[in-house]
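Q: coordinates only, sequence not included:
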């Protein structure tokens, strides 16, 4: 599959230089950047959903309580 992207000269130069500096193709650079963007957005949404479900149901423990529970207190 081929996807075309229109860039101004400044953006093209920046992308080309970055790809050359990191010894990767422009295609690999753009593919990786787009997939990372999608993954980060997905992760944010999953986090928000989990946080919303967890809110109000959490119980916190102090360090002392945790040590006692794990049998680590002296």
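A: That came through fine. Since the structure is predicted, the reported quantities are computational estimates derived from the model, not experimental observations.

Q: I'd like the next helix or strand past whichever strand or helix holds residue 13.
A: Assigned by DSSP states H and E, residue 13 belongs to helix 9-21. Following helix 9-21 in sequence order, the next helix or strand is helix 26-54 (DSSP H and E).

Q: who does that following helix touch, helix- and strand-wise?
A: Counting contacts by 3 or more Cβ pairs under 8 Å, 6 or more residues apart in numbering; DSSP states H and E, helix 26-54 is packed against helix 9-21. Just so you know, the C-beta spots here come from the backbone N, C-alpha and C atoms, and that holds for glycine as well.

Q: which other helices and strands contact the helix it packs on?
A: Helix 9-21 packs on helix 26-54, going by 3+ Cβ pairs under 8 Å, 6+ apart.

Q: Tell me which residues of the helix it packs on come out buried.
A: Residues residue 29 are the ones in helix 26-54 that count as buried (16 or more other Cβ atoms under 10 Å).

Q: just how off-centre is it within its chain?
A: Centroid displacement of helix 26-54 relative to its chain, using Cα atoms, centre = their mean, to the nearest Å, is 6 Å.

Q: what's the angle between it and helix 9-21?
A: Between the axis of helix 26-54 and that of helix 9-21 there is an angle of 90 degrees, by axes from the mean of the first three to the mean of the last three Cα atoms, to 10 degrees.

Q: hmm, who's touching the helix or strand that comes right after helix 26-54?
A: Later in the chain than helix 26-54, the nearest helix or strand by DSSP H and E is helix 63-70. By Cβ atoms under 8 Å, 6 or more residues apart in numbering, the residues outside helix 63-70 that reach it are 61, 72-73.
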